[in-house]
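Participant: Generate a structure from the sequence data that follows.
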Amino acid sequence: MKAKLTFAGVLAIVLAGAEWAAGQTYVTPSSEVTTATASGSYLGGYGYGGYHASTAEEGYLSGLGYLTRSQGEANYFHSLAAINGQEAYSRYLQNRERATETYFRMQQINRAAREAQRPQPLSYERYVALARQQAPEQLRDGEYDRLVGRLNWPALLMSDEFAAERTALDEAYAARTPADAGAASAFHNNVYKLTQTLEAKLRNKVMLVGSAEYVASKNFIQSLQYESQQPLVVRAVAAK
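Facilitator: Numbering: from 1, shown residues only. Alright, predicted model coming up:
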């Protein structure tokens, strides 16, 4: 574990260095010592050690100056690091803020786009108009003789496989009275059940007959259901 270098420790080292420097001999140029070497060269001048403090006080003050300067430099770099850290944190917050603003702006754009593509609710009048357009038509006079209660069937529904339902419906319409109308009437319920069976049988022939013939028969069955809900209106035959 590394020991911490405290101010007291540094001061002790500086003082020890100052005492050592004071004990050194200061060599002047007049007392230059020439030392012979193996190669015949010599060293002269002020000695190998270079410059030393002349007194203990000078060494102490020099060391104290170096220590003060190092502390100042350390404080300066710590301050720069703190400033850089604050600047980095400020930019981080700005980036977070921009990212949040972008996220909510994109959410708003997406909501607006979905609202623009969402179908608008229809008004009551529009619902009524669509219901009238999609509702099946009543049987035409050529399909249903209301005076005698006779049905005129399409050719496809005259085949034997539809005979049971066709006969039951002929009898129901022939015996119909002005009271036999409305969705809650027994007449309508009977017609609805019979026409549902007719439609199921007709679907089995969709690939075996022509499209026009199939559509005509299906429309006739739907008109039978719709006719059973409407009031019975008999047009009198004008006398000649």
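
Participant: CA only for contacts and neighbour counts going forward, please
Facilitator: Will do.

Participant: per-residue confidence averaged over the helix or strand containing residue 61?
Facilitator: Using DSSP states H and E, residue 61 maps to helix 56-117. If you average the pLDDT over helix 56-117, you get 83.

Participant: Sketch out the strands for this protein, chain order is fine.
Facilitator: For the chain, the strands defined by DSSP state E occupy 144-145, 150-151.

Participant: Adding mean pLDDT and mean neighbour count, write those out as a markdown table.
Facilitator: What follows is the strands of the chain, written out as a markdown table (pLDDT from 0 to 100; neighbours: other CA atoms under 10 Å):
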| stretch | mean pLDDT | mean neighbour count |
| --- | --- | --- |
| strand 144-145 | 90 | 18 |
| strand 150-151 | 93 | 19 |
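
Participant: Redo those strands as JSON lines? Include distance to residue 220.
Facilitator: Shown next, in JSON lines, are the strands of the chain (distance: least, CA to CA, whole Å):
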{"stretch": "strand 144-145", "distance to residue 220": "10"}
{"stretch": "strand 150-151", "distance to residue 220": "10"}
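
Participant: between the ones you listed, which one is nearest to residue 167?
Facilitator: Nearest to residue 167, of all the strands of the chain, is strand 150-151, at 10.2 Å by CA to CA.

Participant: okay, and for the chain, where does confidence drop off?
Facilitator: 1-54, 122, 124, 126-135, 234-240 (pLDDT under 70).

Participant: which residues of it fall in helices?
Facilitator: For the chain, helices defined by DSSP state H occupy the ranges 7-22, 56-117, 124-134, 163-174, 186-203, 211-227.

Participant: which residues sit against the fifth one?
Facilitator: By that I understand helix 186-203. 162, 165, 168-169, 172, 176, 180-183, 214, 218, 221-222, 224-225, 228-229 (CA atoms under 8 Å, 6 or more residues apart in numbering).

Participant: so who does the residue nearest to residue 222 when sequence neighbours are not counted touch?
Facilitator: In space, and not counting its chain neighbours, residue 222 is closest to residue 136: 6.3 Å by CA to CA, 6 or more residues apart in numbering. Neighbouring residues of residue 136 by CA under 8 Å, 6+ apart: 219, 222-223, 226.

Participant: Including distance to residue 190 and neighbour count, could these go into CSV?
Facilitator: Formatted as CSV, the contacts of residue 136 follow (distance: CA to CA, whole Å; neighbours: other CA atoms under 10 Å):
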residue, distance to residue 190, neighbour count
219, 18, 14
222, 14, 19
223, 15, 19
226, 13, 21
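
Participant: For residue 151, state which of these is nearest.
Facilitator: The closest of these, once distances to residue 151 are taken by CA to CA, is residue 223, at 11.6 Å.

Participant: would you turn the helices of the chain into TSV with distance to residue 143?
Facilitator: Shown next, in TSV, are these (distance: least, CA to CA, whole Å):
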stretch	distance to residue 143
helix 7-22	118
helix 56-117	45
helix 124-134	20
helix 163-174	12
helix 186-203	16
helix 211-227	8
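
Participant: Give me whichever of those helices is most buried.
Facilitator: Per residue and on average, the most neighbours among these fall to helix 211-227, with a mean of 18 (mean count of other CA atoms under 10 Å).

Participant: Next, the angle from it to helix 186-203.
Facilitator: Between helix 211-227 and helix 186-203, the angle comes out at 170 degrees (axes from the mean of the first three to the mean of the last three CA atoms, to 10 degrees).
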